[in-house]
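> Quick check, what structure comes out for this input:
(chains A and B)
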Protein chains: 2
Amino acid sequence: MSGVMATRTVAIAGADAYIIDAFVKPAAEKNICHFIIFGCEDIDVSDITGCQYTKCETIDETVSGAVQAVQAKKAQIIMKGNIHTSMLLSAILKRENNLRDKKVLSQVSVINFKDGSRQWVMSDPGLNIAPDVATKIEISKNAIDVAKNIGITCPKVALLSAVETVSPKMQSSVDAKAVADYFAENPYDAIVEGPISMDIATDAHSAVAKKYPGEIQGDADVLIVPNIESGNLMYKTITHFIPSVISGAIIGAKVPVVLTSRSDSLDSKLASLELAIQNVVD
Amino acid sequence: MSGVMATRTVAIAGADAYIIDAFVKPAAEKNICHFIIFGCEDIDVSDITGCQYTKCETIDETVSGAVQAVQAKKAQIIMKGNIHTSMLLSAILKRENNLRDKKVLSQVSVINFKDGSRQWVMSDPGLNIAPDVATKIEISKNAIDVAKNIGITCPKVALLSAVETVSPKMQSSVDAKAVADYFAENPYDAIVEGPISMDIATDAHSAVAKKYPGEIQGDADVLIVPNIESGNLMYKTITHFIPSVISGAIIGAKVPVVLTSRSDSLDSKLASLELAIQNVVD
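Presented below is the predicted three-dimensional model:
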């Protein structure tokens, strides 16, 4: 994004000195966005361009400060600092805060292999525990929206299960079929297929070997996982054992929500910020 | 295993020319084991040492031939040829065939990163769909048995979930605690912890960062997955995107069952055979 003028502002709830140093300063240097920051520590941000800091008495105040910045349209993205995720999500879900959209909130991750061979939009590895069919439809829509916002015109969406045929004994395969049927009847400018196995979705050789008849032949853009365990185990396997840059945001509220963790690399943190910026709905 | 005299015999149900060329010949050349093979094709095995072939009229006969070879103790391992997995497993589960043990049948995979950095015993990525606590206990025992049989004295066993604390909203975390409690009361010469997340189980840095208090600090030997979807998605991510040799067997019957697939590399096929040989119960 270097060379692009920052036009978006991120409100951070509960920032501390670590977050300023490890995240805000590098983002400000790259001129990715402006910041309105709420924290409980004494922090001087006068040397950081496009950055405004408010010291609060309590963590609750940092959250309400960030929420108000978004409500007042001074910020278009909200980000979690050193506070519990549930605090921020509760504030977003609270009706009187008017930040809820009609949609389901879901975590959407974008995985870029460092060798450039793969880019996957994946959802939901961390928020919805055991989504039902209606929730999986909204999770899929959120992920498709993200795919389009990062430039994939008509994404190929794989509704993953452990099999590629419906088995009444495996609920995830039944659900995947129901979600696929929904999108067949309600087109969303995407190719949505399921149930489909991870190897057919991501490995062309497997798709051919298994004679998979669909349009996805190892080239899925969007991976919808059947439950939080499968998403989480796969996500962490990729994070820790495949060289990749992984970004993520919570999608479905009126503003994207950024939840980076301290163990994320700087590349991944900045990629999450850029992902949120790309997914601002005006 | 080169230099070791073959002492075990594998009965193959439903072998075809492909299996003979791609699997039996390389195994025979390495003198890993002997074979008693049942198939429907005309196949000449006279030039393969330690190999006996019986032509059958039907696929059913190839299965019953292999089962009888095991029953008569002429073979100590049974292997699936070009037949449906369910055919072979049905025969093994049929009471009158007397091949069932008291235990649950489960798929156990051994994953060796090619760079030598990791070895994981993982279960169950393919057989038990949504195991309950009692089944997860038996799945864990089968996997621990395999870990010991491949030389891990007191394996560290991670009962995986998406979290490392029990959450009543996430059944897999509740189950993991119940399984861990069972092993605390009924020691099995293993360190069994759960619920535990994949990053704590396999990444020392994450274990420290998250201040995980257990004995597993990124160094789990055995990974027990909460359901078939999570096992399958993780397994296929590893298979296709992390350079590794993956072997596997069905454990819990009186003999190990080998189910290699054609898309497996020769290395993985032979590793599966060796894994089965290491897990013969005399």
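
> Quick check, residue A:76 in contact with residue A:70.
Yes. Using C-beta atoms under 8 Å, residue A:76 is in contact with residue A:70, at 7.4 Å. The way it works is simple: take the backbone N, C-alpha and C, and place the C-beta from them, glycine included.

> measure residue A:162 to residue B:75 for me?
Between residue A:162 and residue B:75 the distance, using C-beta to C-beta, to the nearest Å, works out to 30 Å.

> list the residues that contact both of residue A:76 and residue A:70?
residue A:255 (C-beta atoms under 8 Å, 6 or more residues apart in numbering or on different chains).

> Can you get me a residue count around the residue nearest to residue A:258 when sequence neighbours are not counted?
Spatially, and ignoring its direct neighbours in sequence, residue A:258 is nearest to residue A:79 (4.0 Å; C-beta to C-beta, 6 or more residues apart in numbering or on different chains). Counted with other C-beta atoms under 10 Å in any protein chain shown, the neighbours of residue A:79 add up to 29.

> Up against chain B, what does chain A have?
Where proximity means C-beta under 8 Å from any C-beta of the partner chain, the interface of chain A facing chain B comprises A:113, A:118, A:126, A:129-130, A:160-162, A:169-172, A:197-199, A:202-203, A:205-206, A:209, A:225-234, A:236-242, A:262-263.

> Just the ones in helices from those residues, please.
A:171-172, A:198-199, A:202, A:205-206, A:209, A:228-234, A:236-241 (DSSP state H).

> all helices for the stretch 1-150 of chain A, in order.
Applying DSSP state H, counting those that start in this stretch to the stretch 1-150 of chain A gives helices spanning A:17-19, A:25-29, A:59-71, A:85-93, A:133-149.

> Tell me the buried residues in the longest one?
Applying a neighbour-count criterion of 16 or more other C-beta atoms under 10 Å in any protein chain shown, the buried positions in helix A:133-149 are A:135-149.

> nearest to chain B, of the residues you listed?
Using C-beta to the nearest C-beta, residue A:136 comes nearest to chain B of those, at 12.7 Å.

> how many neighbours does residue A:59 have?
Neighbours of residue A:59 under the rule other C-beta under 10 Å: 18.

> who touches it in this structure?
A:14, A:40, A:83, A:87.

> picking that back up, could I get the helices of the stretch 1-150 of chain A as JSON lines with mean pLDDT?
JSON lines is the format used below for the helices of the stretch 1-150 of chain A (pLDDT from 0 to 100):
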{"stretch": "helix A:17-19", "mean pLDDT": "94"}
{"stretch": "helix A:25-29", "mean pLDDT": "94"}
{"stretch": "helix A:59-71", "mean pLDDT": "97"}
{"stretch": "helix A:85-93", "mean pLDDT": "93"}
{"stretch": "helix A:133-149", "mean pLDDT": "98"}
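
> Can you add distance to residue B:60 and give those back as a markdown table?
Below are those laid out as a markdown table (distance: least, C-beta to C-beta, whole Å):
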| stretch | distance to residue B:60 |
| --- | --- |
| helix A:17-19 | 66 |
| helix A:25-29 | 66 |
| helix A:59-71 | 67 |
| helix A:85-93 | 56 |
| helix A:133-149 | 39 |
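
> phi, psi of the residue nearest to residue A:214 when sequence neighbours are not counted?
Nearest-residue entry for residue A:214: residue A:193, 4.5 Å, with adjacent residues in sequence omitted and distances by C-beta to C-beta, 6+ apart. In terms of degrees, to the nearest 10, the main-chain angles of residue A:193 are phi -130, psi 140.

> Residue A:193 contacts residue A:219, correct?
No. In terms of C-beta under 8 Å, residue A:193 does not count as a neighbour of residue A:219; the distance is 11.4 Å.

> neighbour count winner among these two?
Legend: neighbour count by other C-beta under 10 Å for residue A:193 and residue A:219, higher for residue A:193 (24 against 14).

> what sits opposite that one in the beta ladder?
Beta-bridge pairing of residue A:193 under DSSP bridges involves residue A:158.

> go on, residue A:39?
Beta-bridge partners of residue A:39, counted by DSSP bridges, are residue A:15, residue A:55.

> Fine by me, thanks again.
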